[in-house]
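> fold the following and give me the result.
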Amino acid sequence: MLDIRFECRGVRADLYAACPTLAFRLAVTGPGTGAVHAVALRCQIRVEPQRRTYTAGEADLLGDLFGDPTRWGETVKPFPFATVPVLVPRYTGATEIDVPVPCSYDLEVAAGKYLASLRGGEVPMLMLFSGTVFARTGDGLTATPVPWDREARCGLPVAVWRELMDRYFPGCGWLRLRRDTLRSLQRYKAGRALATWDEVVEALLKEAT
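Here you go, the predicted model:
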C-alpha cells in the first residue's frame with residue numbers, strides 16, 4: 001500500500017479570495033523520500049458535530065437541524081461541508097500546501113445553519129482523501145492511487161469562520177424566500193413606509209408576539 005500521509009495544521013480565512021474561502025493548511029508526507037511529480041487529490045470535508053459539546057443557547061438554535069436535544073444521540077451525525085479538488089505540486093519527501101475551500105452563508109444549507117448557531121469553540125472536521133500520485137521510479141513515470149483510508153482530522157475555530165463571514169457580509173445573513181412571499185413582504189413594507197427589510201421582519205415579529 002502506498003505510504004502517503006496527510007495532516008491538517010490549521011485553518012485560516014483567505015482574506016484576498018473573490019468569495020468567502022477558508023484555507024486549510026495541509027501537510028503531505030511521502031511516499032518515500034524520492035521526488036513526487038504531482039498529486040491530484042480529491043478532498044471531501046465532513047463536519048463531525050457529535051465530537052463537541054453545546055451550550056443551552058446553541059442547542060436552541062440547532063433544534064432546526066437536529067431536533068429536540070433528547071434525541072441528539074440518534075440525530076447528531078456527520079454531514080458534508082465541502083468537496084474540493086487540489087493539485088499538490090512537485091516535492092521531495094514532504095511539503096505543505098493550502099487547500100482553498102469556498103464557503104456559503106446560506107442558512108438553508110446544513111453547514112450554514114450549523115456554523116451560524118455556534119458561539120465559540122471549534123468545529124470538529126474530518127478530511128477524506130482520494131486521488132492519484134504521479135512519481136518517477138526506475139520503471140519510469142508511475143500513477144498510483146491514494147489509499148482509500150487516508151484521512152486527517154482538524155478543528156475549524158468558530159472565530160475564524162465569523163471573521164470570514166464578517167468580511168464579506170458584515171453583520172448580515174442570507175435567507176431564500178419564494179417570489180410570492182417576497183411580493184407580500186414588499187407590499188407590507190410599502191404599506192407601512194418601512195425603510196429596510198430588517199424593519200419589516202422586526203414589525204412582523206412584534207405583531208406575532
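
> when you work out contacts or count neighbours from here on, use the C-alpha atoms and nothing else.
Fine.

> the most centrally placed residue in the chain sits in which helix or strand?
Centroid check for the chain by CA atoms, centre = their mean gives Phe81 as the closest residue, at 4.4 Å. Using DSSP states H and E, Phe81 sits within strand 79-88.

> what residues does the following helix or strand past that strand touch?
As assigned by DSSP H and E, the chain's next helix or strand after strand 79-88 is strand 91-92. By CA atoms under 8 Å, 6 or more residues apart in numbering, the residues outside strand 91-92 that reach it are Gly30, Thr33, Gly34, Ala35, Val36, His37, Ala38.

> any regions of this protein where pLDDT drops low?
Scanning the chain for pLDDT under 70 picks out the ranges 1, 33, 107, 138.

> hmm, back to that, can you tell me which of the contacts of strand 91-92 are buried?
Among the contacts of strand 91-92, those that count as buried by neighbour count (16 or more other CA atoms under 10 Å) are Gly30, Ala35, Val36, His37, Ala38.

> would you confirm that the last one contacts Leu87?
Put plainly, it is Ala38. Yes - contact criterion CA atoms under 8 Å: Ala38 and Leu87 qualify, at 6.9 Å.

> which parts of the protein are strands?
Under the criterion DSSP state E, the chain contains strands at 5-13, 21-29, 35-47, 79-88, 91-92, 94-102, 122-137, 140-145, 151-157.

> of all these, which one is nearest Ala111?
strand 79-88 (6.0 Å; CA to CA).

> elements contacting the closest one?
strand 35-47, strand 94-102, helix 110-117 (3 or more CA pairs under 8 Å, 6 or more residues apart in numbering; DSSP states H and E).

> go with 7 Å
strand 35-47 (3 or more CA pairs under 7 Å, 6 or more residues apart in numbering; DSSP states H and E).

> so what strands line up beside the strand holding Phe81?
Here strand 79-88 is paired, per DSSP bridges, with strand 35-47 (antiparallel).

> by how many degrees do the partner strand and strand 122-137 diverge?
Using axes from the mean of the first three to the mean of the last three CA atoms, to 10 degrees, the inter-axis angle of strand 35-47 relative to strand 122-137 is 160 degrees.

> show me this protein divided up by domain.
5-176, 177-209 (automatic domain parsing).
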